[in-house]
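Peer 1: Sequence plus the predicted model coming up.
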Amino acid sequence: MKSESLKFIQTGRKKRQLRFRLVTVSLAVLAILLCGAMLMLGNTIYPVGVVLRALSGEQISGASFAVSTIRLPRMLAGLFAGFAFGLGGTVFQTMLRNPLANPNVIGITSGSSAAAVFFIVILHTSGAIVSAVSVAAGLVTVLIIYLLSRGKSFSIGRLILVGIGIQAMLDAMISYLLLIGAEQDLPAAFRWLSGSLNGSKMDQLPPLFISVLILTPVVLMLSKQLNILELGEQAATSLGVRTDMTRVLLILSSVIMISIATAMTGPIAFVAFLSGPIAKRLIGAGFSSVIPGGLVGVNLVLAADLIGQFAFTVRYPAGIITGILGAPYLIYLLIRMNRKGEL
């Protein structure tokens with residue numbers, strides 16, 4: 001009887017493991033195809049061979065500039081920012097055991113956005129200064145939210161409520177700044193707020209590359225503790241997890257990546273919100289959804305940018321497309337949670 005039960009468990013685990021690997025590989029392959037499409041498509045469509053020659057450094061009239069100077073930075077910005085948004089959102093939702101607990105909803109990206117808009121429309125700055133300030137503001141915002149929700153003990157519900165309140169305040173601040181801002185500064189502010197890969201430059205991207213490459217292994221090393229945190233505070237503590245330390249490391253890693261990605265591309269709406277649930281639905285239970293969540297984020301950003309560029313007569317930023325996808329899901333999620341009594 002025991003051997004049959006053990007065999008049944010092992011068979012189930014192998015099936016789940018196979019599903020996890022197939023989904024992860026499929027998401028990675030789709031991301032590679034979308035990256036290729038980003039390099040090939042534009043006002044002029046270049047075949048794969050021409051793209052590869054241009055990337056290798058060969059000088060091809062028209063193609064070298066279009067591929068290496070315009071399309072490659074745009075693709076890399078979407079690749080790394082999408083991964084940062086997807087991974088960070090998945091970490092927040094898993095750690096706090098609530099799909100609403102993501103940087104878009106609890107005010108972290110609003111903190112970065114408010115600071116960036118202030119520096120654009122009031123101080124008339126741009127470029128690296130705006131990026132640095134938006135990163136710092138994202139970190140300060142999450143620190144304030146965490147401290148206000150801490151109380152005598154950590155509370156997920158309190159964190160979400162505090163975050164939603166701070167987000168409302170910051171969104172009101174953004175609206176006020178746009179209202180009083182000089183007319184010539186508003187296009188830059190609106191372009192930043194919409195979340196776009198337009199204007200991505202290679203020399204601006206190293207902070208994004210470095211943050212993702214350094215902090216992703218940190219999150220992966222804590223993925224086991226992250227899955228245990230999903231069981232609840234008491235269960236995690238009884239299993240030997242240092243909950244406060246683990247939570248702080250996960251939050252800092254995720255927020256730094258998301259803040260830097262936001263500084264590079266603006267707040268691309270709902271990518272952090274959608275990636276985790278989609279990844280979990282695809283891979284099923286039993287395995288960490290951190291890497292699949294990051295890959296879903298990549299695919300959402302790249303696909304949204306391609307759709308925004310080529311599916312309509314007018315070109316739209318990626319954030320507009322992801323916002324159209326994310327808003328109905330948020331409404332559906334709120335209705336479902338309300339019916340279950342989770343709100």
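Peer 2: That came through, no problem.

Peer 1: Can you give me the pLDDT of residue 84?
Peer 2: Listed pLDDT for residue 84 reads 95.

Peer 1: element containing it?
Peer 2: helix 72-96 (DSSP states H and E).

Peer 1: Which SSE is immediately downstream of that helix?
Peer 2: helix 108-121.

Peer 1: ok and that next one relative to helix 72-96, angle-wise?
Peer 2: Per axes from the mean of the first three to the mean of the last three Cα atoms, to 10 degrees, the angle that helix 108-121 makes with helix 72-96 is 140 degrees.

Peer 1: Next secondary structure after helix 108-121?
Peer 2: The element immediately downstream of helix 108-121 (helix or strand, assigned by DSSP H and E) is helix 128-150.

Peer 1: neighbouring contacts of the helix or strand following that following helix?
Peer 2: Sequence-wise, the next helix or strand downstream of helix 128-150 (DSSP H and E) is helix 156-180. With Cβ atoms under 8 Å, 6 or more residues apart in numbering as the test, helix 156-180 has contacts from 96-98, 100-101, 105-108, 110-111, 113-114, 117-118, 121-122, 141, 144-146, 148-149, 151, 186, 189-190, 193. Yep, even glycine has a C-beta here, placed from its N, CA and C like the rest.

Peer 1: repeat for stretch 31-41
Peer 2: Here stretch 31-41 makes contact (Cβ under 8 Å, 6+ apart) with 46-48, 51, 55, 67, 71-72, 74-75, 78-79, 295, 298-299, 302-303, 305-306, 309-310.

Peer 1: mind listing which of these are in helices?
Peer 2: In this view, the contacts of stretch 31-41 that belong to helices under DSSP state H are 48, 51, 55, 72, 74-75, 78-79, 295, 298-299, 302-303, 305-306, 309-310.

Peer 1: Would you mind writing the CA trace of stretch 83-95 as CSV?
Peer 2: Taking Å, rounded to 0.1, in the frame of the first residue of the first chain, the C-alpha atoms of stretch 83-95 are listed here in CSV:
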residue,chain,number,x,y,z
PHE,A,83,11.4,40.5,-16.9
ALA,A,84,11.9,42.9,-13.9
PHE,A,85,8.2,43.8,-13.8
GLY,A,86,7.1,40.2,-14.1
LEU,A,87,9.5,38.8,-11.6
GLY,A,88,8.9,41.6,-9.1
GLY,A,89,5.1,41.4,-9.3
THR,A,90,5.2,37.6,-8.9
VAL,A,91,7.4,37.9,-5.8
PHE,A,92,5.0,40.4,-4.2
GLN,A,93,1.9,38.4,-4.9
THR,A,94,3.4,35.1,-3.7
MET,A,95,5.0,36.6,-0.6
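
Peer 1: Please check the ones in helices among the contacts of stretch 31-41 and keep the buried ones.
Peer 2: 51, 72, 74-75, 78-79, 295, 298-299, 302-303, 305-306, 309 (16 or more other Cβ atoms under 10 Å).

Peer 1: what's the most distant pair in the residues you listed?
Peer 2: The most widely separated members of those, counting by Cβ to Cβ, are 51 and 295 (22.3 Å).

Peer 1: For the lowest-mean-pLDDT helix or strand in the chain, name the packing helices and strands.
Peer 2: Here the helix or strand of the chain ranked lowest by mean pLDDT, DSSP states H and E is helix 233-238, holding a mean of 75. Other helices and strands packing on helix 233-238, by 3 or more Cβ pairs under 8 Å, 6 or more residues apart in numbering; DSSP states H and E, are helix 223-229, helix 243-265.

Peer 1: Quickly compare these and say which is most buried.
Peer 2: Sort the helices and strands packed on helix 233-238 by mean neighbour count, taking mean count of other Cβ atoms under 10 Å, and helix 243-265 sits at the top with a mean of 23.

Peer 1: Start and end of stretch 196-216, how far apart?
Peer 2: With Cα to Cα, to the nearest Å applied, stretch 196-216 spans 23 Å between its terminal residues.

Peer 1: buried residues in that stretch?
Peer 2: 196-198, 200, 204-205, 207-208, 211-212, 215-216.

Peer 1: Which ones among those lie within strands?
Peer 2: If you go by DSSP state E, the buried residues of stretch 196-216 have nothing in strands.

Peer 1: Save those as JSON lines, and put in distance to residue 227 and pLDDT too.
Peer 2: JSON lines is the format used below for these (distance: Cβ to Cβ, whole Å; pLDDT from 0 to 100):
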{"residue": "196", "distance to residue 227": "35", "pLDDT": "88"}
{"residue": "197", "distance to residue 227": "33", "pLDDT": "90"}
{"residue": "198", "distance to residue 227": "38", "pLDDT": "87"}
{"residue": "200", "distance to residue 227": "34", "pLDDT": "86"}
{"residue": "204", "distance to residue 227": "35", "pLDDT": "86"}
{"residue": "205", "distance to residue 227": "32", "pLDDT": "90"}
{"residue": "207", "distance to residue 227": "29", "pLDDT": "89"}
{"residue": "208", "distance to residue 227": "27", "pLDDT": "91"}
{"residue": "211", "distance to residue 227": "23", "pLDDT": "92"}
{"residue": "212", "distance to residue 227": "21", "pLDDT": "94"}
{"residue": "215", "distance to residue 227": "18", "pLDDT": "94"}
{"residue": "216", "distance to residue 227": "17", "pLDDT": "94"}
